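J.: Sequence plus the predicted model coming up.
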Protein chains: 4
Amino acid sequence: MFVQKVRSEGTSHISYFIGAGHEAAVVDPRRDVEEYLELAGSSELSIKYVLETHRNEDYVSGSAELAAATGAKILHGGQIPFGYGSEVRDGDVIGLGSSVIKAIHTPGHTPESFSYVLYDIANPSHPLMVFCGDVIFAGDVGRTDLNGTNARERSAGELFDSITKKLLPLGPSTILCPAHGAGSICGVHIADREDTTIGTELALNMMLNMGREDFISWKKMEELEISPIFKRMEMVNLAGARPIGAVHIADAMLPKEIKRAIVKGALILDVRKPHHYSASHVPGSINLYSDFIPTYGAYVIPTSKPVVLVADCASQVESAYRLLLRSGYDRPLGHLRGGMESWMKGGNESSRLETISAKGLMSRITGGEETFLLDVRDNKEISQGTIPGAKMVHLGKVQERIADIPKSKVAVAFCGSGPRGSCAASILLRNGFTKVMNLSGGFEAWKASGYEITK
Amino acid sequence: MFVQKVRSEGTSHISYFIGAGHEAAVVDPRRDVEEYLELAGSSELSIKYVLETHRNEDYVSGSAELAAATGAKILHGGQIPFGYGSEVRDGDVIGLGSSVIKAIHTPGHTPESFSYVLYDIANPSHPLMVFCGDVIFAGDVGRTDLNGTNARERSAGELFDSITKKLLPLGPSTILCPAHGAGSICGVHIADREDTTIGTELALNMMLNMGREDFISWKKMEELEISPIFKRMEMVNLAGARPIGAVHIADAMLPKEIKRAIVKGALILDVRKPHHYSASHVPGSINLYSDFIPTYGAYVIPTSKPVVLVADCASQVESAYRLLLRSGYDRPLGHLRGGMESWMKGGNESSRLETISAKGLMSRITGGEETFLLDVRDNKEISQGTIPGAKMVHLGKVQERIADIPKSKVAVAFCGSGPRGSCAASILLRNGFTKVMNLSGGFEAWKASGYEITK
Amino acid sequence: MFVQKVRSEGTSHISYFIGAGHEAAVVDPRRDVEEYLELAGSSELSIKYVLETHRNEDYVSGSAELAAATGAKILHGGQIPFGYGSEVRDGDVIGLGSSVIKAIHTPGHTPESFSYVLYDIANPSHPLMVFCGDVIFAGDVGRTDLNGTNARERSAGELFDSITKKLLPLGPSTILCPAHGAGSICGVHIADREDTTIGTELALNMMLNMGREDFISWKKMEELEISPIFKRMEMVNLAGARPIGAVHIADAMLPKEIKRAIVKGALILDVRKPHHYSASHVPGSINLYSDFIPTYGAYVIPTSKPVVLVADCASQVESAYRLLLRSGYDRPLGHLRGGMESWMKGGNESSRLETISAKGLMSRITGGEETFLLDVRDNKEISQGTIPGAKMVHLGKVQERIADIPKSKVAVAFCGSGPRGSCAASILLRNGFTKVMNLSGGFEAWKASGYEITK
Amino acid sequence: MFVQKVRSEGTSHISYFIGAGHEAAVVDPRRDVEEYLELAGSSELSIKYVLETHRNEDYVSGSAELAAATGAKILHGGQIPFGYGSEVRDGDVIGLGSSVIKAIHTPGHTPESFSYVLYDIANPSHPLMVFCGDVIFAGDVGRTDLNGTNARERSAGELFDSITKKLLPLGPSTILCPAHGAGSICGVHIADREDTTIGTELALNMMLNMGREDFISWKKMEELEISPIFKRMEMVNLAGARPIGAVHIADAMLPKEIKRAIVKGALILDVRKPHHYSASHVPGSINLYSDFIPTYGAYVIPTSKPVVLVADCASQVESAYRLLLRSGYDRPLGHLRGGMESWMKGGNESSRLETISAKGLMSRITGGEETFLLDVRDNKEISQGTIPGAKMVHLGKVQERIADIPKSKVAVAFCGSGPRGSCAASILLRNGFTKVMNLSGGFEAWKASGYEITK
C-alpha cells in the first residue's frame, strides 16, 4: 500500500494516487492526467476509482478524462447535481486491493464535501490516512464563504461539526492529506509543512482549538478574495471538462503571424518574469508571469479571446499551456518563435516598462515628484500595511476602474513582490498610459529597505 | 536546413522530419505522432506540410492526426480518391522556410506515388535530397504487384520510367531518402546501408542497371508475399485514420479478469519471445513476438476480436500497443498484470510448447520417429531451400488449412529463426493438437548445423 | 518543507530527501546518487547534510559520493570508527533552512544508531517527523542479532530503551520514517503500510506493546537469517564506498567474447525470470532473478570472479547493474548481446532446466518415482510448513553441501515461489547434476493446490 | 549499418556514431559522452573505436573518457605527439562489424588530419561515406592559418592536395560528413545544408573549383579570427582531457553565499539573454549569453577565476555547465538560486544596462549627442560594413584596450545582433563606466531599419 502525491505548482493543489494490492484510486485528479496514467502503468495497477472530495473551484478536474481512459468509477457527493460520475453516501465502504476506503460526509466548505479514510484491510478499525479535500489544511481550515453571504454562518457551523465530529475522532495518529498546500487561495494560513497528522494539527492549528461559537464568528469575519475562477471552475467541473489528450507545444508562430492574429483580436499574453517584460515586450501585451496563471489568470485573461504566448523558453511555454488548460482555458493559438530576441532582430516595434527600485521610489516621493501609487494587492495583504499615499485597486479591477487612474501623473504600480504590479502596469500601457512604472521587488523590497508603512 | 529520420521498428519504415528556416514538413508520418510534435516543439518549427509519397500499405498513416494537431496541409497524389488532404501535381513547387520542395509524379509502385525533391533556396537548380517513398530503396526498387495481376506489366513499365526519367536525372550526388530500410516487406533485397545516394544506387543496385524490357520481365516474375495488411491499410489510409492521442498502458488485468474476457471472446496474444512462450503460457493464447506484429500480425490477429496481451515487461507492452495501433488495430483490452509469474503463482493452469533443437530434430528423423515437418515460411525463403520432407504451409494459411495437418503425428513447426514457427505451433495447440514442437532457431539453426537441405 | 521518499526495489530500502527553505538533507543515500542530485537540481536546493542513521548492512552507502559531488557534510554516530564523515552526538541540533533537525542516539540495532527528528523552525517543540533508520518499522522493530550472540540481550535492552525513552515520547502524531519497507531482510514482519506514525505503530505494532522483559526474551528467541551481505556491507560502509559515477550499459558482448570470458574464469549470471532460464540458458550459468540480487546475491555470487550477465532486455540489464553496484559488486564485464535468442541462432550450445508443476510433483510422489526434494528456503519460512519428505538446505549452503545431494535421484528444488529454487537447481546443473527440476510457483503453488504440508 | 549525428550546439560541432553489425565507432566525441553510451546501450552495440580526425581546437575531446568507459581503442594521426591513444597510418583498414573503414591521411588543416571512409563489407570498393573532419565542409574548406604564419602556404597546398587527390576521387555519390555545420568558427562560409555529398560540394562549393595556385592564394589571403580557445584546446586535447562523469547542477547558491564568493575572487557570469541582463543584473557580472560560450567564452572568461553563474532556469544552467566543460573550463562553483528575482526580493543591489533601439541611436546621432560607438565584431563582419563613426575593438580586446574608450561620452556597444555588444558593455560597467548602452538587435536591426552604412 502506498500513497503518492502529485503536486500542481501554481495552484498548490495536491492530488493523491493510492496504490493497494493490484488496484489504485486517484483523489481529485487535475486536468492533464498523463502522470496518473504513467504511475498506474509503471506499477501495473488498475485505476478503479476516482474519488472527488468536492467540486473543485480552482482548477479543472481531470476526473472525466481519467475515467474515460481507464474505466474507473468516479465518486462524489450527491448534494449538488454533477453531470457525470456516481453518488457516494456517508459511510460507504469501498474495497481497493489490500485496503478499505470509507467515505464520510464532511460538509461546510461546500455542501457535497466528502473525506475518504484509508484503512488496511487487516486492521479495518484503525484509520491510517484521511483525504479530506478542503476541510482541514496544515495550519488552517477550508473557506466557508463560497456558498453565498447568507450561508456563511451555516457553512461555518457545518465545517466545525465535520471537523470535530468526523475528522478529529479519527485520532491523533491519522495522517492528514488535504487538497492544498501552502500558497493556495483556498486557505489563508496554510502552513509550509507538507506532511501532517491530525495530532499535529490539533497541536499547531489554531482553528482546531476554538469552540463552536468562536469558530463561526472567526469564519464569518474572514475576508478572502473571491476569485472569478471559482464560479467558472464550478460550472466547468459540474458539467465535466472536455478531454484534452496530451499537451504539446508544436505551434511556434512568426512575428508576422502574430501580428495577423492581433488584428483578428488575439490577446498577447507575456508569461515571462516581470523584469524580462519590462526590458522589452510586444506592444499591447499583458504580462502575467506563468506561475501566477492559476491564481490570477481568471482576473485578467478573458476566455473570449484567442491567446498567443510570449515566453522565454520551451519549458515555460509548456508550463503555461498546462496551467491555462488546468484553469479552464482553451489551447493558445501559439507562441512567439524564438522569444523576444527574434521579435527585436526582425525590426518589429517593441515597448518597455519602466521599473523603479524602492530607493528610487523613495527619492521620487521625497523629491516631490508627482506620483500615483497603485497598490494592486488584495485586502488581506493591504491590511498588513502599505506605502503611504497608495491607492488600492485590486488587480482584478484595474481594467474596469481605469478611468479612476490619472493619465497625467506617473503611475507606479506595486504588489507583493513584482509580478502583479507588472501585470497591472501592462494593463495601463495597453490602455494608452505612457507614464507607468513597476516597483521592483514590490512591497517586499519597500519593507526590506526599512521605509515607512501605513496601515 | 536539416533532415531527421524517424524510424519505426518492425515495419522498417522511415519517415522524415524536414526543418528549414522556421518551418517544417513531415514525409509519411506514422500513426503515433508524438515524436514529430516533440521535434517541432523543441526546435520551434512550425509544421506546414505533411507530404505523402503514396497511400502507405503497411502502416496506418498519422497524416490526419498530425494535421489536426498543427494545422499542416496534407499533400498527396490525386490519382486515387483520398478522403482527406489536398492534391499535389507533377512539378508543383512548395516553399518551406529556406528550402524549396518540388513534387514529381513517380508512378509505378502505385499510380499516385509522388517523390519530393529538396533544394536550398539559394541553389534552386541543384537537387540535394529526394524523398522517394517506395520507388527506389537501397539495393532494390518498389513492388509492382499490388495493383492487380493485369496491371503488373504496366506498373513495372511506369516504375522504370519514373526511375530513369524522373529520379536518375537528379544526378549521382543527390541523397536518396526512401520510405523503408532493410527488413521491410515492401522490398525484397533492401540493403543494410541506410544512407545512400543516387550515385551509390547506380553503382550497387542491380535493378538500376537493366534495360526497360529486362526490368519489366524481372518485375513480372517477382513472386512476393501479399500480406493481408496491404488491403486493410490501403482502405484505412484512403479514408484517413482515427486519431489516437497519446499511448498509455494503464490497464493491467488480473488473471480472473482475463478469464472473464476469454469467456466473452477475447483473444490472448502472447507477444513474448518464442522460448518464453514455450516455457509457459496461457492455454489457448497465440504467440506472436511483438517485433513481428507489423509484418505478420495481419495474418494471425483478427480485427474482429478484442485482444488481451501477455508480455514480459512494461516496455514490451507499450511497444506492442504502438505496433498494433500502427497496424490499424484498436487498443487492446488490457494486459496480464505481473506477466506469467503472477498467472502461475495464482495456481492458474498454464501450458507448454515443446521445443526441439536442430540436433534433436536430426535424431528424430534418423531414428525414424514419425514427424510432420511444417515449414511456415514464404515462397521466397523456401526457394532457397528447406529441410527434406517438410510440408509448406505459409503462416497465414495454417488456420485455414488446419485439416491438412495430421493430429496423430508429432508436428514440428519451423520458420527462419523461431518466432513464426512458434506462432504456427501456438495455432495448432489452440486447435487441440497435443503433439506439437517448435524448432529452436528455425531453419537458420538447421543450416548452421550443416544438415542436408533440399530446394 | 517537504520530504520525498526514494525507494530502492529489491532491498525495500527507503532513503529520504528533505527540502526545507533553500537547503536539503538526504537520509541514508544509496550508492547510485543521481536521483538525489536531480531532486536538488530541479528544486534548486543545496544539499547541506547527509544523515546516516547507522552503518547500513544491506546496501552500499552513497554518502561519500554524494558528499563529494555537493560538499555536503556527512553525519553519523561515533560509536564505531567510520573512515569518513563527522560524528554527531545525542541532542545535536542541525539547522536546515526553515527546519530544525535534532539528532537522538537510539542504539540497539547497532551501537551507533541515530534517529533524526524534524521540526518546523516556527514550532521547535512539536516533532513533525522522525527518521529512525532500523529502530522501528511499520509493524516491527530492528534486528538485534547482528552484534554477536553475546550482545543479543544487551542490544535488545538498548533497543527497547531507545524506543520507549526516545521515540515513543515524541507522541502519537509524529510521522515515522524508517529505513525499510515490507520485504526487507532487516525486519521480519514489516507491514505493507508505507506511511505510518508513532500512534499507528502503538496501535498496530505488537513489539511496541510489550514490557522490557518480554521484549528482550522475544528478541533473544528471534531466529533470523544472517546474510553474508551484512558483514561485507559493514566493512565497505565503514570505509566509505568507491565512487561509481553514472551507470551505463554500453558493453554488449558477443557469444564468442563470452565464451572467451568463461575460459578466463568469468561467471555467467542469468538474471532472467526462472521460467525463461528453464526454457534455455547458457550452460554453466547461475540463475538469480535480478530482483533477488540484493537479498540473495551475497549467498551465490562470489566477489572474486568477473561476472557476465544474461538478461531479457536493456532495462533488466540496467536494473541488475544497479542492484549489483548497490550490493557492493564491481561493474560486470558485460552482458550477452541480443539475449538468449542470439545465442541460440548462432548455433551455440544451450541447456534447459526441467520444471514441474505442483500437480506433476504430486503424481511423481504418489507414483513412487524416486525424488530428492530440496527445500532451499530459510528457517523462518520452513517453520510454517513444507512438503512432506523435503530435505532442507538453505540456498546459501547448496554449493558447500553439494556432496549431500544424491546425483542418482531426480532432484526437485523449490522455494517460496520459484526464483530461489531455480537458483539452487542452476547450481546443481553447474555441478554436473543431470536430473534436476524446479517446482513452478514453489511452495506457494503447492499450498494453493491444497496438498499435504508437514511442519 | 547506420550513422547517427550528435550535434553540439554553440560550436556547431558534429560527431558521428557509426553502428555496423554489432559494433560501433564514434568519430570525434565531445567531452560529455553520456549520449554515445546511451546510443551504444540502447542498440546493444559495442564501441570498438574512437576515431579522431585531428586534435580538435574548439572543444575538449571526450575520447579518453569514452575509451575508459568502454575499452574502445582511440586512433589518431601520429604527426603530432598525442599523450594517449594509438597511431593510425594512411591506408590502414579497420573492420567494424559489417563495415570496413579506411583511414586516409588528409593533412592541410593540421598535419595529423585523417579522414575515415566507410564501406559496406559486401562492396569494399564503393565508398559510401567519408568522415573528413575539417578538410571539406558544406560550402567551404578547413582553415589553414592555425599552423603559424610561415606554414600557411604549405598548409594550403597540402589541403588542396588532400582534397583533390584523396577526397574528390571517392566520387560524387559519396556522402560527406564534416566535423562542423553552419555557425562554426572553423570555417567561414559553411552552408546551411547539413547533409551533403562530394558531388554536391563539387557543384556548390566554390573552393573545390579552383586551381592549386588560386586555392593557395585565396587561403593565404583569408583573414580569420584566431580565438584564444584554439591554443588552449590544442594543449588540453594533446594531453587528453580529465574525465568529468555525469553533469549535474545540484549547487544552487544563495545571494549571501555568492557575495562571499565574489569577495574571494569569483567571477559572476550572467549567461542570460542580453535584454534580461539589461533589465537587472548582479553588479560587476559579465554577460555572455550561454549559446555564445563555445565561440566567445575564451575571449572573456578567464580560466584562473572560479565562476558563479546567473541564469534564467535550470535548463539554462545545465546547458551553460555543459558548454563550459566542453570548452575546457572546470565546473562552476555554483549558480544563483531562484535567478535575479530572488536577488532583488532580498533587497540586494542590482544594476541595469541601458539599451537603445536603432531608431533611438539614429536620433542621438542626428541630435548631435556625444556618443562613442563601439563595434565589437570581428574583421570579417566589419568588412561588410558598419555604422558611420564606429570605432572597432574586437570583443576579445575590450578589456585590454579599455583605456582607449572615453569614460566621459555615452558608449554604445554593438555587435551583430546583441549578445556580444551586451558582453562588451558589461565589461565597461565592470570597469567603472557609467554611461554605457547596448544597441538592441545590433547591426542587424540598424541595417533592417535602412540606415546608412560605411565600409
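T.: Happy to help now that I have it. What you see is a predicted model, and the numbers here were worked out from it, not measured in a lab. Numbers count the residues shown, from 1 in each chain, chains lettered A, B, ... in the order given.
J.: close to chain C, is stretch A:93-104?
T.: Yes. Shown here: stretch A:93-104 in contact with chain C (Cβ under 8 Å from any Cβ of the partner chain) through residue A:98. For the C-beta atoms, the positions are set from N, CA and C on the backbone; glycine is no exception.
J.: measure that stretch end to end?
T.: End-to-end span of stretch A:93-104 (Cα to Cα, to the nearest Å): 9 Å.
J.: can that stretch be found next to chain B?
T.: No. On the criterion Cβ under 8 Å from any Cβ, stretch A:93-104 is out of touch with chain B, staying 10.2 Å away.
J.: Check what contacts that stretch and list those residues.
T.: A:1, A:18-25, A:48-49, A:51, A:75, A:88-92, A:114-122, A:124, A:166, C:192 (Cβ atoms under 8 Å, 6 or more residues apart in numbering or on different chains).
J.: Give me the buried subset of those.
T.: Burial by neighbour count, 16 or more other Cβ atoms under 10 Å in any protein chain shown: within the contacts of stretch A:93-104 this picks out A:1, A:18-25, A:48-49, A:51, A:75, A:88, A:114-120, A:166, C:192.
J.: Out of those, which sit inside strands?
T.: If you go by DSSP state E, these have A:18-20, A:23-25, A:48-49, A:51, A:75, A:88, A:114-120 in strands.
J.: Within reach of chain C, which of the residues you listed are there?
T.: Among those, the ones lying near chain C by Cβ under 8 Å from any Cβ are residue A:120.
J.: got a list of what residue A:287 touches?
T.: Counting by Cβ under 8 Å, 6+ apart, residue A:287 touches A:270-272, A:274, A:277, A:281, A:353, A:419, A:422-423, A:425-426.
J.: thinking again about what came up before, which members of the buried ones among the contacts of stretch A:93-104 additionally contact chain B?
T.: Restricting the buried ones among the contacts of stretch A:93-104 to those within reach of chain B (Cβ under 8 Å from any Cβ) leaves residue A:22.
J.: now the helices for the stretch 251-400 of chain A?
T.: Ranges of helices in the stretch 251-400 of chain A, per DSSP state H, counting those that start in this stretch, are A:255-263, A:274-279, A:293-300, A:314-326, A:339-345, A:358-366, A:379-382.
J.: What of the stretch 51-200 of chain A?
T.: Listed in chain order, the helices of the stretch 51-200 of chain A (DSSP H, counting those that start in this stretch) span A:63-70, A:152-161, A:198-204.
J.: and residue B:370, which of those helices is closest to it?
T.: Residue B:370 lies closest to helix A:63-70 among those, at 51.3 Å (Cβ to Cβ).
J.: Name the residues that touch that closest one?
T.: Here helix A:63-70 has contacts from A:26, A:29, A:31, A:33, A:36-37, A:40, A:46-47, A:50, A:52, A:72-74, A:84-85, A:240-241, A:243-244, B:248, B:250-251, using Cβ under 8 Å, 6+ apart.
J.: now the residues you listed: which count as buried?
T.: A:26, A:29, A:31, A:33, A:36-37, A:40, A:46-47, A:50, A:52, A:72-74, A:84-85, A:240-241, A:244, B:248, B:250-251.
J.: Tell me which residues touch the closest residue to residue A:283 other than its chain neighbours, please.
T.: The shortest distance from residue A:283 to any non-neighbouring residue, by Cβ to Cβ, 6 or more residues apart in numbering or on different chains, is to residue A:351 (4.6 Å). The contact partners of residue A:351, by Cβ under 8 Å, 6+ apart, come to A:280-283, A:429.
J.: and if you look at residue A:122?
T.: Counted by Cβ under 8 Å, 6+ apart, residue A:122 has contacts residue A:98.
J.: Could you check stretch A:301-312 and say which residues are buried?
T.: So for stretch A:301-312, counting by 16+ other Cβ under 10 Å, buried means A:301, A:307-312.
J.: tell me, which of the residues you listed make contact with chain D?
T.: Checking these against chain D by Cβ under 8 Å from any Cβ, the ones in range are residue A:312.
J.: can you list the buried residues of stretch A:301-312 in a markdown table and add distance to chain C?
T.: Listed next are the buried residues of stretch A:301-312 as a markdown table, based on distance: Cβ to the nearest Cβ, whole Å:
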| residue | distance to chain C |
| --- | --- |
| A:301 | 28 |
| A:307 | 28 |
| A:308 | 29 |
| A:309 | 23 |
| A:310 | 24 |
| A:311 | 19 |
| A:312 | 17 |
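J.: Would you tell me which one of the buried residues of stretch A:301-312 comes nearest to chain D?
T.: Nearest to chain D among the buried residues of stretch A:301-312: residue A:312, at 5.8 Å, using Cβ to the nearest Cβ.
J.: where does residue A:71 sit relative to residue D:304, distance-wise?
T.: Computed as Cβ to Cβ, to the nearest Å, the residue A:71 to residue D:304 distance reads 64 Å.
J.: Mark which of the contacts of residue A:351 are buried, thanks.
T.: Buried by 16+ other Cβ under 10 Å: A:280-282, A:429, out of the contacts of residue A:351.
J.: For chain D, tell me which of those residues show up nearby.
T.: Filtering the buried ones among the contacts of residue A:351 for proximity to chain D by Cβ under 8 Å from any Cβ leaves residue A:280.
J.: ok, so of the buried ones among the contacts of residue A:351, who is nearest chain B?
T.: For these, the nearest to chain B is residue A:282 (16.6 Å; Cβ to the nearest Cβ).
J.: how about the nearest residue to that closest one, chain neighbours excluded?
T.: Closest residue in space to residue A:282, ignoring its immediate chain neighbours: residue A:268 at 5.0 Å, by Cβ to Cβ, 6+ apart.
J.: Same check on residue A:176?
T.: residue A:196 (5.1 Å).
J.: what about that neighbour, neighbour count?
T.: 24 (other Cβ atoms under 10 Å in any protein chain shown).
J.: Repeat that for residue A:388.
T.: Other residues lying near residue A:388 total 11 when counted by other Cβ under 10 Å.
J.: List the beta-bridge partners for the residue nearest to it when sequence neighbours are not counted.
T.: Nearest non-adjacent residue to residue A:388, counting by Cβ to Cβ, 6+ apart: residue A:454, 4.7 Å away. Residue A:454 has these beta-bridge partners by DSSP bridges: residue A:386.
J.: Please state the mean pLDDT value computed over the host helix or strand of residue A:235.
T.: Per DSSP states H and E, residue A:235 falls inside helix A:228-239. Across helix A:228-239, pLDDT averages out at 83.
J.: gap between that helix and the chain center?
T.: Centre-to-centre, helix A:228-239 and its host chain are 13 Å apart (Cα atoms, centre = their mean, to the nearest Å).
J.: again, but for stretch A:185-193
T.: Taking mean C-alpha positions (Cα atoms, centre = their mean), stretch A:185-193 and its chain are 12 Å apart.
J.: Now the terminal residues of that stretch, how far apart.
T.: 17 Å.
J.: Just the buried residues of that stretch, please?
T.: Those would be A:185-188, A:190-193, for stretch A:185-193 by 16+ other Cβ under 10 Å.
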